[in-house]
Every structure is written in structure tokens, then in C-alpha cells.
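Peer 1: Just a sequence and a predicted model for now, questions to come.
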Amino acid sequence: MKFVDAHDHVVARVDVTGASEIEVMRGDLVALVHQASEGVEHVFGDAVRGLAQDDDGVTVAFENGPDRRFDLVVGADGLHSTVRRLAFGPEADFVQHGGHYFAFANADGTLGEDRWVTMLNRPGRMAGLYRSGNHAQAKAYFIFRSAPIAYDHRDVGAHKRLVRETFAHETGWRVPELLAAALDDPDFYFDALSQVRMDSWSAGRVILVGDAAWCASPPPGRAPNWRSSGHTGSPESWPPPAVTTGSPSRAFTTATAASSASGSRSART
Ligand SMILES: Cc1cc2nc3c(=O)[nH]c(=O)nc-3n(C[C@H](O)[C@H](O)[C@H](O)COP(=O)(O)OP(=O)(O)OC[C@H]3O[C@@H](n4cnc5c(N)ncnc54)[C@H](O)[C@@H]3O)c2cc1C
């Protein structure tokens, strides 16, 4: 990892070689899981609109398809989870603003030095570039400090406008090239750095996992690494699985209590 000045002179380096991790892009992982899950029903182009649960199950209303009945609903729908909103309450009750916004996009592979992260820091702003071994394209990213901004998190045009306005006057290093590439990318990503904090990840027969339940902040990620109790650390230190019969709600409450007792709630900090 290296830090450069406006003239592309390296001002500092941090050696992170030797890390034992392999990077798999999210889209590649999704494709692999999709291929490996033959026999599982996948519904595309639809979304959950409503949840109504009783003692025997959950009736799920969809935006496009007919209502369906399930024993259990697992919300794995990310930081802005609809399942969380429907079963637990408004996003503002659980998502805490981290004081920064983050954009991430594809960039020309020739811009990025293989296996290097390079970044330019300015007060309140940062632009960076990285390319990891097996990917032809480089990744450009932009971070800026800001109090919460009101915008629609699905409005990519608004996201691009915010990043363009913030970095428009930055002419140092490769920022203009990176900005142009990012604004041209249909897969442009933008969001606030946020944390999800919840007292419980279950509400009856509805549970949350991943970023929906315990997003630590998007870029550091690792939310899916933590098993459904939100537990970190080695498997030996995990609490024993909670076993109950007849009531999913009781099982989830027992599991959460067991996790808390073993200190796993530190995953939330
Ligand atoms: C730029 C960036 C870099 C990252 N780098 C790393 C990294 O290096 N290492 C790491 O461990 N983590 C990283 N993360 C974090 C990691 O990507 C997340 O923690 C992880 O993707 C969370 O997985 P998830 O399945 O819980 O949610 P998501 O991956 O967000 O998946 C949620 C899914 O639900 C779908 N969805 C949402 N709402 C609805 C709806 N209403 N109806 C239907 N579908 C819906 C979404 O389309 C999406 O497919 C990074 C994140 C970002 C943004």
C-alpha cells in the first residue's frame, strides 16, 4: 500500500505482503453460489413488500408475485435491508452514520499497479486505486467526510453528482482520470460508511444475517464471515448451538443469549 502526493511521488509505503487472504469479487462469488445451488428456487426481479407472521409461519407479500407462506424468513438484504424495516422498524433506528461517504468503481487496468493500493490524501477527502492479482480491471475509490446527506440510496445519478462535485477541483495525481472512469461505470457504488447496531437479530420467525444485521461499515466488511450469531473469533470459542423444539422464536432468543454470554456481541463494536 502506498501514499502519493499530487505529483505521484510516493510519500509513504506500508508493507502488507504476506497476508493470507484471497480476494474474490462479490459478483464472482454470487455467480459461484448460484451455480452451486442447483435445485434451489431463485426468484429474480422481485422484492419483499410485506411480512405478516403468526404462530405457524410468515406470509410474505412480494412487489410482483403472489403472496407466499414460509416457516422462516431470513433477511440477507444488506445495509438498507427491507426485511429489517418491515420486521424490526425504520432504518434510522439501527443504521449509524460513520461520518464519511464512499464510492467504488471499475477503472482501466493499466492505471493500477498489480497488487498495490495507491492513495492520495487531502483534508477530508481521499482518492485511491488498486488492482489485485487476478483481475484485469483496477478499482478506483473515493472517500469524503460529511455529515449525513439526504438522497435516495438507489439514485445512482445523484450518487455520481455528489462525488463529481466533491472531487471536481482535485487535479492532483490521477484523480481526474479515475473520476472520469468511475462516473462512466454503470456498476458505480456509493454509500455512507455506516454501522448497523441491533439489540436482537430475530423477531419471531424473521431473522437477519450479514450486513442487514451487523454491518461494521461496508469497506472493512466481513459481516458474512460472522456466523448468524454475529460471532467473531475462532470456532472453539463459539458458544454451543442452541437447541429448542417447536418455537423458532424461542430458539433465536436462546441463541442470542448464548452468544451474548460468551462475549460475541463485541462483533458490534
Ligand atoms: C466497496 C466495498 C468493498 C468491500 N470490500 C470488502 C472486503 O474486501 N472484504 C470483505 O470481507 N468485505 C468487503 N465489503 C463488505 C461486503 O461486501 C459485505 O459485508 C457483504 O457483501 C455483505 O453481504 P450481505 O449478503 O449481507 O449483503 P449484500 O452483499 O449487500 O447483499 C444484499 C443483497 O440483497 C439484495 N437486496 C437488497 N434489497 C433488496 C430488496 N428490497 N429486494 C430484493 N433484493 C434486495 C441486494 O441486491 C443484494 O444482492 C466491501 C463492501 C463494499 C461496498
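Peer 2: Arrived safely.
Peer 1: any idea how far Phe104 is from the ligand?
Peer 2: To the ligand, Phe104 is 4 Å away according to C-beta to the nearest ligand atom, to the nearest Å. Placement of C-beta: from N, CA and C, glycine included.
Peer 1: residue contacts, the nearest residue to that residue once chain neighbours are set aside?
Peer 2: Once flanking residues are discounted, Phe104 sits nearest to Tyr189: 4.4 Å by C-beta to C-beta, 6 or more residues apart in numbering. By C-beta atoms under 8 Å, 6 or more residues apart in numbering, the residues touching Tyr189 are 102-105.
Peer 1: try 10 Å this time
Peer 2: Shown in contact with Tyr189 (C-beta atoms under 10 Å, 6 or more residues apart in numbering): 26, 102-106, 139, 141, 156, 159, 182, 218.
Peer 1: how about stretch 35-52 against the ligand, any contact?
Peer 2: Yes - against the ligand, stretch 35-52 shows contacts by C-beta under 6 Å from any ligand atom at 47-48.
Peer 1: who's in contact with that stretch?
Peer 2: For stretch 35-52, the external contacting residues (C-beta under 10 Å, 6+ apart) are 33-34, 58-65, 67-70, 73, 75, 77, 81-83, 85-87, 203-206.
Peer 1: Please repeat the previous calculation with a cut-off of 8 Å.
Peer 2: Contact with stretch 35-52 is made by 34, 58-65, 73, 77, 82-83, 86-87, 206, as judged by C-beta under 8 Å, 6+ apart.
Peer 1: Repeat that for stretch 102-113.
Peer 2: 118, 129-131, 135-143, 159, 163, 174, 177-178, 181-183, 185, 187-193, 218-219.
Peer 1: same deal with stretch 2-18?
Peer 2: Stretch 2-18 is contacted by residues 1, 116-121, 171-174 when judged by C-beta under 8 Å, 6+ apart.
Peer 1: try it again with 7 Å
Peer 2: 1, 116, 118-121, 172-173 (C-beta atoms under 7 Å, 6 or more residues apart in numbering).
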